[in-house]
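> curious how this folds, go ahead:
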Amino acid sequence: MATRLRREATPPGNVKAAESAAIVRRMLLQKSRHGGQAFVGSAKIIAGWTLVSRITGLARDILLNAAFGQTWIQDAFNYGFLIPNLFRRLFGEGALSAVFVPNFTEALHRDGEEAAWQLLGKVLARMVAGLTALTFVLEALLLAIWCSRPERAMHQLILSMTAIMLPFMISICIVALFSSILNCLGHFGGPAAMSIVLNVCMIAGIVWLAPLTGADPQIRVYGVALSVLAAGVVQLALIWPMLRGAGVRTPLIWGQRDATMRAMGSAFVPVILGQGVLLLSSFLDTQICTFLSRGPSAPPQFQLFGMVFEYPLRAGALSAVTNAQRLYQFPLGVLAISLATAALPTLSMYAAQHNIGGLRTALGRGLRLAVFEGLPCGMILVVLAEPIIRLLFEHGHYTAEHTQRAAAVLRWYGLGVWAFCLQHVVLRGYYSLKDTRTPMWIGGGLVILNSAASFALIWHPQVRERAFGISTSLTAILNVLISLWLLRPKLGGLIGGRRLAVSFARTLAATALAAIAALILHRLLEGWKPETGRIFNRLVDVFVPIGAAALVYLAVAASLGMEEVRWLLRGSRSGLSG
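Numbering: from 1, shown residues only. So this is what the prediction gives:
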């Protein structure tokens, strides 16, 4: 698309800005005629690549768990890997995308290519400088902690893993920004494939680089951490030609802040705070899980404020939670996040045109699809949590006990998958309207509830690490309900709530029948164990119930006349209201 824009918007000679803007506007308006439907096709492209990414990610996690087990060593690695990923979600995929994409789309729509590239250059220069400075500060802080508190082996390894992988946040945030640019220009496949590069590099680290460091797992894990850094360099090397091929220019500009940059700056802070409190919730859960877990050779009790407490969690708790999160995020990334990523440019285009009707229609369609995808996926995770984890992870150093621990957490995350899916689409609705403050206040109010619930529940003997799945699902459901209610006035008092409620009820009915089918088959297969090999039996335990559930779900949905089936399977472009 960008090549066409350049060819039409910059003929030989000097072209007036108004003429260039008119050409760009005409092309974007032509694209927007089917915008409410076109993002479903874009979402399918993203979902296809994301599916490959999630499969390679599962392969990476399988090898990681087989190599280190659900132990304190993997806890330390997961903790160190969490930090750059938090900043990726906060800056790269969170605040920058939420603030930058609507403004970039508006600049391209209103002023033409040159203004859009100038805006990109200003944002890129400030982001690189800010993240580089932040990395140096955090590395110095980690060094100070290491020198002042060289405590137990688990804490030393946590600090080491964090220090090694921290610079990855610079490259991954740049990649996320470039990906959002390509998405705005109609290129979805390449950006969606970037995470595959990370997974392949980490697989190479686990299989090839880690064994070169020796037999000690505490040393071998350093090879995996170094592979994460290498992945960041490779990702940048691959996405740069994509930008050039799309006609994007990326000058680093340090000029004075114009009106657009000032508006983005004022919107950036609320998004940082809004996204930050949500990510702070995840970060606090990680701190609770890590430092309230009894590590190797640690006493069974610890002191806090002069009082003695029993450790509520055992080593491996963070790995159990992380494995459960990776599995519920599989359908979330393939379906809901792909849908939301594809929807944001379309929603932003309608908002830029002040087309509230089109925006409402596209948003309503996205919400209904998110529910249609999220409910059955969550149901599968609840019903088949243990067989799925056994199939994927129970190899090498990963034991049956590890499977039971992770499955118990996964079931609670599964109950909230539909809300996680909706949450991503609702956020894009706010961001397309350049409303970054409302999500901030909602998230800020719920982070306290999430952390308090997690901290309170972990002490219960029947809950323990399940607490993190319970609290996360609960706050996600509340977040969606509050966000939808407050979004209504911004869309003229209508949001398609009646259609959404009907769709939810029908989806719930189809999901319930599919769950019954999956559960019956799962029970029947427990007594059917032919002597054909352990892996074959595990594959049957998982995929036969899933296949039956999918057939029942689609059959019931089709019999109920749900439009969502036609949208997904046939890519219908019929006009629809939210």
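
> quick one: the helices in the stretch 351-500 of the chain?
Taking DSSP state H, counting those that start in this stretch as the criterion, the stretch 351-500 of the chain contains helices spanning 356-383, 385-393, 400-414, 417-432, 437-457, 466-487, 497-526.

> distance of Ala510 relative to Thr260?
46 Å (C-beta to C-beta, to the nearest Å). Where you see a C-beta, it was placed from the backbone N, CA and C, and this is true even at glycine.

> so between these two, which is more surrounded?
Neighbour count, other C-beta atoms under 10 Å: between Ala510 and Thr260, Ala510 has more, with 25 against 18.

> which ones are touching the more buried one?
Pro376, Val552, Tyr553, Val556, Ala557, Leu560, Met562 (C-beta atoms under 8 Å, 6 or more residues apart in numbering).

> which one is it nearest to, not counting chain neighbours?
Nearest non-adjacent residue to Ala510, counting by C-beta to C-beta, 6 or more residues apart in numbering: Val556, 4.0 Å away.

> okay, now the one you found: neighbour count?
Neighbours of Val556 (other C-beta under 10 Å): 20.

> and if you look at Ile181?
Ile181: 26 neighbours (other C-beta under 10 Å).

> residues near the spatially closest residue to it that is not a sequence neighbour, how many?
Spatial nearest neighbour of Ile181, excluding adjacent residues (C-beta to C-beta, 6+ apart): Val248 at 5.9 Å. Val248 has 21 neighbours, counted by other C-beta under 10 Å.

> Val248 belongs to a strand?
No - going by DSSP: H, G, I helix; E, B strand; the rest coil, the assignment for Val248 is coil, not a strand.

> who's in contact with it?
Contacts of Val248 (C-beta under 8 Å, 6+ apart): Ala2, Trp117, Leu120, Ile181, Leu182, Leu185.

> just flag the most distant two among these.
Trp117 and Leu182 (13.6 Å; C-beta to C-beta).

> may I see the contacts of Ala510 organised as JSON lines, with secondary structure and distance to Val334 added?
Putting the contacts of Ala510 into JSON lines (DSSP: H, G, I helix; E, B strand; the rest coil; distance: C-beta to C-beta, whole Å) gives the following:
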{"residue": "Pro376", "secondary structure": "helix", "distance to Val334": "13"}
{"residue": "Val552", "secondary structure": "helix", "distance to Val334": "21"}
{"residue": "Tyr553", "secondary structure": "helix", "distance to Val334": "16"}
{"residue": "Val556", "secondary structure": "helix", "distance to Val334": "22"}
{"residue": "Ala557", "secondary structure": "helix", "distance to Val334": "19"}
{"residue": "Leu560", "secondary structure": "coil", "distance to Val334": "24"}
{"residue": "Met562", "secondary structure": "coil", "distance to Val334": "20"}
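
> most neighbours, which of those residues?
Busiest of the contacts of Ala510 [other C-beta under 10 Å] is Pro376, holding 28 neighbours.

> and the pLDDT at it?
pLDDT, Pro376: 95.

> one more: Arg534?
79.

> residues near it, how many?
Neighbours of Arg534 (other C-beta under 10 Å): 12.

> what about it, distance to Arg405?
Using C-beta to C-beta, Arg534 is found at 20 Å from Arg405.

> and the longest helix for the chain?
Taking DSSP state H as the criterion, the chain has its longest helix at helix 113-148.

> could you list every helix and strand in contact with it?
helix 2-9, helix 17-32, helix 72-87, helix 96-110, helix 153-165, helix 168-184, helix 259-291 (3 or more C-beta pairs under 8 Å, 6 or more residues apart in numbering; DSSP states H and E).

> now it: mean pLDDT?
87.

> one more: stretch 324-343?
Per-residue scores along stretch 324-343 average to 79.

> check the offset of it from the chain's centre.
Between the centre of stretch 324-343 and the centre of its chain there are 6 Å (C-alpha atoms, centre = their mean, to the nearest Å).

> could you tell me the end-to-end distance of that stretch?
End-to-end distance for stretch 324-343: 27 Å, by C-alpha to C-alpha, to the nearest Å.

> what of stretch 249-263?
Stretch 249-263 end-to-end distance (C-alpha to C-alpha) = 23 Å.

> use 42 as the first number for this chain going forward.
Sure, I'll start counting at 42 from here, so that last one is stretch 290-304.

> quick check: Ala117 touching Ala204?
No - between Ala117 and Ala204 there is no contact under C-beta atoms under 8 Å: 11.7 Å.

> looking at the two now, which is surrounded by more residues?
Using other C-beta under 10 Å as the criterion, Ala117 and Ala204 rank with Ala117 on top: 28 against 19.

> which residue, other than its chain neighbours, is closest to the more buried one?
Leu198 (3.9 Å).

> now swap in Leu468 and tell me
Nearest to Leu468 is Pro480, by C-beta to C-beta, 6+ apart, at 5.9 Å.

> and Glu351, backbone torsions?
phi -80, psi 140 (degrees, to the nearest 10).

> could you do Gly533 as well?
According to degrees, to the nearest 10, Gly533 has phi 70, psi 20.

> in this structure it contacts Leu400, no?
No - if you go by C-beta under 8 Å, Gly533 and Leu400 don't touch, sitting 9.8 Å apart.

> looking at the two, which one has more neighbours?
Leu400 (27 against 11).

> residue contacts, the more buried one?
Leu400 makes contacts with Leu388, Tyr391, Ala392, Gly470, Ser473, Leu474, Leu532, as judged by C-beta under 8 Å, 6+ apart.
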